[in-house]
Structure formats: C-alpha cells, structure tokens
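Novice: Quick one: sequence and predicted model below, then my questions.
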Amino acid sequence: MIEESLHAVQQRMADAMARAGRVDTAILVAVTKNHPVSAIEEISGLGVTHVGENRVQEAKEKQMLYKGPRLTWHLIGHLQVNKVRQAVPMFDLIHSVDSRKLLDEIEKVAAKHDKVQDILLQVNIAREESKSGMSVEEFPDIRDYAKTLPHVRVRGMMCIAPFFDDPEEARPIFRVAHALYEDMKRYFEEGQIQYLSMGMTHDFEVALEEGANIVRVGTAIFGERVYY
C-alpha cells in the first residue's frame, strides 16, 4: 500500500510541475510522525531519501532504531529553545526557525558541535494564531540577523498555509511566500538560498504550481497517523 501511495504522490507532483511549466526538481519529504520505523525503512527501500519529523524526541528514538540507507532528516515541527541541544546533532535541515532567540540557541549549540546548521526561516504569512512562524514584518530583521551567525546557514523559507477545504484558497498565501523567497536571494551569497518548503498532503499540488521545491507529505503516503 505504501508503495502504491508513494508512486501516486510522485505522479501528482510531476503533473503539478508540468502544469506550471517547471523543468526543475522538487524534494519530497516523507513525513513520518506517528508512523513506525518500519515505515521509514520501507520508503527508504523505495528510493525516498528525505524524511521529516515533527518532534525531536520521536525522531531521536527512530534514528536509534533505523537500519537502512542514509537519509536526510528534516525537522518540520515547531522547535522549542530547550530542545535545540538535542536537535542540532540530529537534523540536516531545520525548517521551523522563527525568532532571534531560537537562532541564538542554534548558533550556540552548533558551535559546540563544530557544525554549520542549515535552516529555513518559517514565516506565518496567513497570521494564524495557532501556527508558529514570524510575521512578514519581522522577516527582514530576523533574516539579516541570521546572516551574522557563523554556525547558522539560511537555505530558504518555510510556509504553512491554513487548512482550506478547497486547496485553491491557499494559492495567494503560497504566492506571497514565493515572492519573499525570491527576494531573499538578493541578501545572501549566490546559490545559498535554494529551498522553499511549502505544501502538505491536502495542498502540495497548488504549492508546487506556485514554486515550492520541498513538499512535506505524510498522510497521502502512509495513511492516517497511528497514535502510540
């Protein structure tokens, strides 16, 4: 079942990019929150190399148990300052950085590990109170501050749209995110800003049509989450 679902998602991604006239590539991050390590091992055997987790502790347990090809691990959930010490050694890309305070802690921990931590800046474009992310107004200040930190490397942006019954309603939000993403390239070294992470199971096709090059898909691949 996972194999069929994965191939269906990959085909939907290809179709969405074709509709937009895109000839570049997009990364599928398989979101494995509340799914067992066996599911991660199954998709890695099917060629998926990027997995996303929402919670640091759950990811840590899975990384200890996982036996399979090397994966790129993405932290896509909200990161609390007190979890940074655990997160930095574990994740290749942290999507959810949204404050100076969090940047300072990542810098401090990454320096101790002699690591330059790749991150995305999360912007709450829809101003949803229930969602993390900086406001559009805060973005320039935090973007510029992140550039000053030697052990933090900004690679792009992350955006979460509200859940709409009609995914088309997310299109204006994704469009704003894409414009911000394109603009931020001017403030960093050429080639540094490469990733626009937006789109999940219910809206990833619209996100791809609007320029996302990372989509975060769980339910459409694995089915409903198993809460354990």
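Specialist: That came through, no problem.
Novice: Would you tell me what the next helix or strand after the helix ranked longest in the chain is?
Specialist: Across the chain, the longest stretch assigned as helix under DSSP state H is helix 2-19. The helix or strand immediately downstream of helix 2-19 is strand 27-31, counting by DSSP states H and E.
Novice: what sits up against that next one?
Specialist: Here strand 27-31 makes contact (CB atoms under 8 Å, 6 or more residues apart in numbering) with 6, 9-10, 13, 40, 43, 48, 50-54, 74, 76, 195, 197, 200, 213-218, 221-222. (Each C-beta comes from the backbone N, C-alpha and C, glycine too.)
Novice: Looking at the residues you listed, which are in strands?
Specialist: Of the contacts of strand 27-31, the ones assigned to strands by DSSP state E are 50, 51, 52, 53, 74, 195, 197, 214, 215, 216, 217.
Novice: Between which two of the residues you listed is the distance greatest?
Specialist: Spatial extent of those (CB to CB) is set by the pair 53 and 195 at 17.1 Å.
Novice: When these two are compared, which one has more neighbours?
Specialist: residue 53 (27 against 22; other CB atoms under 10 Å).
Novice: residues contacting that one?
Specialist: 31, 32, 33, 59, 62, 73, 74, 75, 76, 77.
Novice: Turn the residues you listed into CSV, columns for distance to residue 206, neighbour count and pLDDT.
Specialist: CSV is the format used below for those (distance: CB to CB, whole Å; neighbours: other CB atoms under 10 Å; pLDDT from 0 to 100):
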residue, distance to residue 206, neighbour count, pLDDT
31, 18, 26, 98
32, 23, 26, 96
33, 22, 18, 94
59, 28, 24, 98
62, 30, 20, 98
73, 26, 21, 98
74, 21, 28, 98
75, 24, 25, 98
76, 18, 27, 98
77, 22, 20, 97
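Novice: nearest to residue 139, of the residues you listed?
Specialist: Top of the list for closeness to residue 139, among the contacts of residue 53 and by CB to CB, is residue 76 at 19.0 Å.
Novice: I figured that closest one hits residue 56, correct?
Specialist: No: in this structure residue 76 lies outside contact range of residue 56 using CB atoms under 8 Å: 11.4 Å.
Novice: residue ranges of the helices in this structure, please?
Specialist: Taking DSSP H as the criterion, the chain carries its helices at 2-19, 37-45, 56-65, 84-90, 100-112, 139-146, 171-184, 204-209, 219-222.
Novice: Just say which of those is most tucked in.
Specialist: When these are scored by mean count of other CB atoms under 10 Å, the highest mean neighbour count falls to helix 204-209 (a mean of 24).
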